[in-house]
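Novice: Coordinates for the following, if possible.
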Amino acid sequence: MTAPLGLIAGLGDLPVSIAENAVQIGQGVYVLRLKGFEEPRLASYPGAVVGLGELGKLFSLLKTAGCKDVLFAGIVKRPNFKDLKLDLRGAALLPKVIAEAGKGDDALLRLMVKEIEKQGFNVIGSDVAHAGLLAPNGLIAGPAPTDRALADISRGAHVVAALGDLDIGQGCVVCDGLVLAVEAQEGTDAMLTRCATLPETVRGTPAARRGVLVKRPKPGQERRIDLPTVGVSTVELVAAAGLAGLAVEAEGALMLRRAEMEVAAERLGVFIYGFEP
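Specialist: Numbering: from 1, shown residues only. A predicted model of the protein is given here:
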């Protein structure tokens, strides 16, 4: 009997896509929905709700379900550690969690991976669980990027690499070589919404598109968790901001509901492009 995939899930399309794929390929899935971030579309799958501080319960449930491969997926905001409900395992780990959290999100996530591996589980990435989510190389949808757009992609790739070295974010917007915005804790959608309010002298318009959203992993990032993710709303917000398109690192970003993304890009006249690392 195939061991089910253990999915530790937050909100959004990503954990839903992972769960659907696990069932389709015959592996099956056991979903632990994180309390306060329960994705309603996952409620019908086998699993349970577990608190962020209930690590002992989380490990026990995964073992009882027979899981071997474990995956993190979905949107989870950093909690107020003072308000967490802790079991014994969670309480024992809390000092380490607080110490690593002060170093940035990547350090905190690495700690969680390490603790799960100590329990004998194999932590895998979303790209391993569902390879079809990975962005390919080259033009994916929409009009081919111009030389000016390609130059903005190159500039943006270097900017995001610098951001990643400081564990700040995974995205930025560049127009004619000018950095219009960088992504921090607000997320990509909020950054794009902010770009749409900038003067049209520094960005494009739906009638004359200029500028590119660029997303890529952080240098040295733990790729089994928190790979850059884009979806239909990303395409729509890129278009609303007057940008020419979005570019992601090929095989370094996840595309959710890709077919719908491609339809939206064609309809709105923006490109989706996968650039080489």
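Novice: C-alpha from now on. contacts and neighbour counts both.
Specialist: Noted.
Novice: List the buried residues in stretch 137-145.
Specialist: Gly138, Ile140, Ala141, Gly142, Pro143, Ala144, Pro145 (16 or more other CA atoms under 10 Å).
Novice: actually stretch 202-212, sorry about that
Specialist: Neighbour counts over stretch 202-212 (16+ other CA under 10 Å) mark Val202, Arg203, Gly204, Thr205, Arg209, Arg210, Gly211, Val212 as buried.
Novice: Save those residues as JSON lines, and put in distance to Glu251 and secondary structure too.
Specialist: Supplementary listing: the buried residues of stretch 202-212 in JSON lines, determined by distance: CA to CA, whole Å; DSSP: H, G, I helix; E, B strand; the rest coil:
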{"residue": "Val202", "distance to Glu251": "31", "secondary structure": "coil"}
{"residue": "Arg203", "distance to Glu251": "28", "secondary structure": "coil"}
{"residue": "Gly204", "distance to Glu251": "28", "secondary structure": "coil"}
{"residue": "Thr205", "distance to Glu251": "30", "secondary structure": "strand"}
{"residue": "Arg209", "distance to Glu251": "26", "secondary structure": "coil"}
{"residue": "Arg210", "distance to Glu251": "25", "secondary structure": "coil"}
{"residue": "Gly211", "distance to Glu251": "22", "secondary structure": "coil"}
{"residue": "Val212", "distance to Glu251": "19", "secondary structure": "strand"}
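Novice: a markdown table for the buried residues of stretch 137-145, including distance to Val235 and secondary structure?
Specialist: Below are the buried residues of stretch 137-145 laid out as a markdown table (distance: CA to CA, whole Å; three-state DSSP):
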| residue | distance to Val235 | secondary structure |
| --- | --- | --- |
| Gly138 | 17 | strand |
| Ile140 | 12 | strand |
| Ala141 | 11 | strand |
| Gly142 | 11 | coil |
| Pro143 | 13 | coil |
| Ala144 | 15 | coil |
| Pro145 | 15 | coil |
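Novice: looking at the chain, which helix or strand is least sure?
Specialist: In the chain, the helix or strand scored least confidently by mean pLDDT, DSSP states H and E is helix 88-101, which has a mean of 74.
Novice: mean confidence for the next helix or strand after it?
Specialist: Heading C-terminal from helix 88-101, the first helix or strand you meet, by DSSP states H and E, is helix 105-118. For helix 105-118, mean pLDDT is 80.
Novice: what do you get for stretch 123-139?
Specialist: Rounded mean pLDDT across stretch 123-139 is 94.
Novice: Next, the buried residues of that stretch.
Specialist: Val123, Ile124, Gly125, Ser126, Asp127, Ala129, His130, Leu133, Leu134, Ala135, Pro136, Gly138.
Novice: is it true that the fifth one touches Ala73?
Specialist: Right, the one you point to is Asp127. No: when contacts are counted by CA atoms under 8 Å, Asp127 is not listed as touching Ala73 (10.9 Å).
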